[in-house]
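J.: Give me coordinates for this.
(one chain, ligands or ions: 1)
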Amino acid sequence: MNDILNYEGKICVVTGAASGMGKSTVALLNGLGARVYALDINEPSLPVEKYVRINLGDKASIDAALAELPEKIDRVFSCAGIAGTIYGGRTFSELDVLTINYIGTRYLVDGLIPRLPEDGSVAVIASTGGMKWQLRQNLHLEFAKTDGFEAGQQWYKDHRDELEATFNGLNFAYMMSKEALIVWMKHRAFALSGEHIRLNSISPAATDTPMAEDFSKNANGLRGSHVSNVGAASTPDDQAKALLFLNSDLASYVSGQDLQVDYAFTVKGLHGLQ
Ligand SMILES: NC(=O)c1ccc[n+]([C@@H]2O[C@H](COP(=O)([O-])OP(=O)(O)OC[C@H]3O[C@@H](n4cnc5c(N)ncnc54)[C@H](O)[C@@H]3O)[C@@H](O)[C@H]2O)c1
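T.: Below is the predicted model:
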């Protein structure tokens, strides 16, 4: 049979591998014969080739993780993230949210890209919470062009108020981190096209994972349903399948795209329903 996904024997790095969408991604990859390097702040329960502890909020921890990963990697699945300044029973600063979800994530991905072969591929998880990135496109593009971890943090400190002045909503830090991630993904994907390396994101709508409850806490309990007429949140498996599609041979000419995995939730506005 023709293996059109082509994960057999592929070295795959998965962040956020201990829970939710990252854990589902590991399960699917294991079933397809991939060799999974699992990165997370918590130890994953599924069997993997190697677990590497990482804190995406800490540059030294990312550098240490990079040193423990193979010199050649085929696919990267960046799933780790936090729901806002409240996550997993802890509180975080806005800068922590920006760092874990965007600055640390891009620093890790940038560290892994030189290890990818031609036709290598990266998929990151953004969010439908970042779907209004066009409203702040020019600012996010400046952010995307900052070089490295500290420069990214400094840019955010210098421009935080400017971003907030254009924002009308809840869970500011989370929304900014995901908007920034989408704009960076698009910016970086264009540069990588010359190297024949693909970079895409998915933007999940509400998904039934341990993080789900933290979203309403971050929005003062006011969070909308983020679900279309399909009537139920997606499963982590729904999201993992979209990630596997993007990083597979099926998506061989797809790059720089944010795939909204939302069962038409984001088109609600077109029908006057928002
Ligand atoms: N659940 C939703 O409704 C939803 C919607 C849109 C987007 N997302 C995004 O999906 C991704 C996966 O989230 P999930 O819903 O599976 O949540 P989850 O909480 O189940 O999984 C997140 C994983 O990230 C890890 N993690 C957290 N902080 C980390 C850090 N500092 N360093 C390394 N690892 C860290 C956690 O240990 C966990 O394994 C996230 O990027 C999230 O923002 C979630």
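J.: in what helix or strand does whichever residue of the stretch 51-200 of the chain sits closest to the ligand lie?
T.: Nearest residue of the stretch 51-200 of the chain to the ligand, counting by Cβ to the nearest ligand atom: G81, 2.3 Å away. Where you see a C-beta, it was placed from the backbone N, CA and C, and this is true even at glycine. G81 is part of no helix or strand when elements are defined by DSSP states H and E.
J.: What sits closest to it if chain neighbours are left out?
T.: Nearest residue to G81 in three dimensions, chain neighbours excluded: N101, at 4.7 Å (Cβ to Cβ, 6 or more residues apart in numbering).
J.: looking at it, that neighbour is touching L181, isn't it?
T.: Yes - counting by Cβ atoms under 8 Å, L181 is a contact partner of N101 at 6.6 Å.
J.: can you count the residues close to the residue of the stretch 51-200 of the chain closest to the ligand?
T.: The number of residues packed near G81 is 26, by other Cβ atoms under 10 Å.
J.: Return the residues in contact with it.
T.: Each residue near G81 by Cβ atoms under 8 Å, 6 or more residues apart in numbering is listed here: G16, I100, N101, T105, I125, S127, S177, M211.
J.: Count the residues that sit near E118.
T.: For E118, the neighbour count with other Cβ under 10 Å is 7.
J.: Verify the stated contact: it with H196.
T.: Yes - the pair E118 and H196 passes the contact test of Cβ under 8 Å, sitting 4.5 Å apart.
J.: Which pLDDT does the model give H226?
T.: For H226, the pLDDT comes out at 82.
J.: How about it, nearest residue that isn't a chain neighbour?
T.: A206 (3.9 Å).
J.: Same question for A189.
T.: G256 (3.5 Å).
J.: What residues does the one you found make contact with?
T.: M185, K186, A189, F190, S193, L199, N200.
J.: Give the PyMOL command for selecting the buried subset of these.
T.: Applied in PyMOL, the following selects the buried portion of those according to 16 or more other Cβ atoms under 10 Å:
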select buried, resi 185+186+189+199+200
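J.: Narrow the contacts of G256 to those in helices?
T.: Of the contacts of G256, the ones assigned to helices by DSSP state H are M185, K186, A189, F190, S193.
J.: so which of those comes closest to S225?
T.: Among the ones in helices among the contacts of G256, M185 lies closest to S225 (Cβ to Cβ), at 26.4 Å.
J.: can you give me the strands in this protein?
T.: Taking DSSP state E as the criterion, the chain carries its strands at 11-15, 35-40, 50-53, 75-78, 86-87, 90-91, 121-125, 198-204, 258-261.
J.: mind showing which ranges of the stretch 51-200 of the chain have poor pLDDT?
T.: For the stretch 51-200 of the chain, no stretch has pLDDT under 70.
J.: For it, which segments count as helices?
T.: For the stretch 51-200 of the chain, applying DSSP state H, counting those that start in this stretch gives helices covering 59-68, 94-98, 104-112, 137-144, 149-165, 172-193.
J.: what about the second one and the ligand, touching?
T.: No - using Cβ under 6 Å from any ligand atom, helix 94-98 stays clear of the ligand, coming no nearer than 8.1 Å.
J.: what's in contact with that helix?
T.: 57, 82, 84-85, 153, 156-157, 160, 172-174, 176-177, 180.
J.: Let's have these in CSV, adding distance to P47 and neighbour count.
T.: Shown next, in CSV, are the contacts of helix 94-98 (distance: Cβ to Cβ, whole Å; neighbours: other Cβ atoms under 10 Å):
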residue, distance to P47, neighbour count
G57, 27, 20
I82, 26, 25
G84, 32, 24
T85, 34, 20
Q153, 36, 17
Y156, 38, 22
K157, 41, 12
R160, 42, 16
F172, 39, 18
A173, 35, 23
Y174, 32, 27
M176, 36, 28
S177, 31, 28
A180, 34, 29
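J.: now those as JSON lines including distance to K132?
T.: Listed next are those as JSON lines, based on distance: Cβ to Cβ, whole Å:
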{"residue": "G57", "distance to K132": "25"}
{"residue": "I82", "distance to K132": "20"}
{"residue": "G84", "distance to K132": "16"}
{"residue": "T85", "distance to K132": "20"}
{"residue": "Q153", "distance to K132": "23"}
{"residue": "Y156", "distance to K132": "18"}
{"residue": "K157", "distance to K132": "22"}
{"residue": "R160", "distance to K132": "17"}
{"residue": "F172", "distance to K132": "12"}
{"residue": "A173", "distance to K132": "15"}
{"residue": "Y174", "distance to K132": "13"}
{"residue": "M176", "distance to K132": "10"}
{"residue": "S177", "distance to K132": "13"}
{"residue": "A180", "distance to K132": "12"}
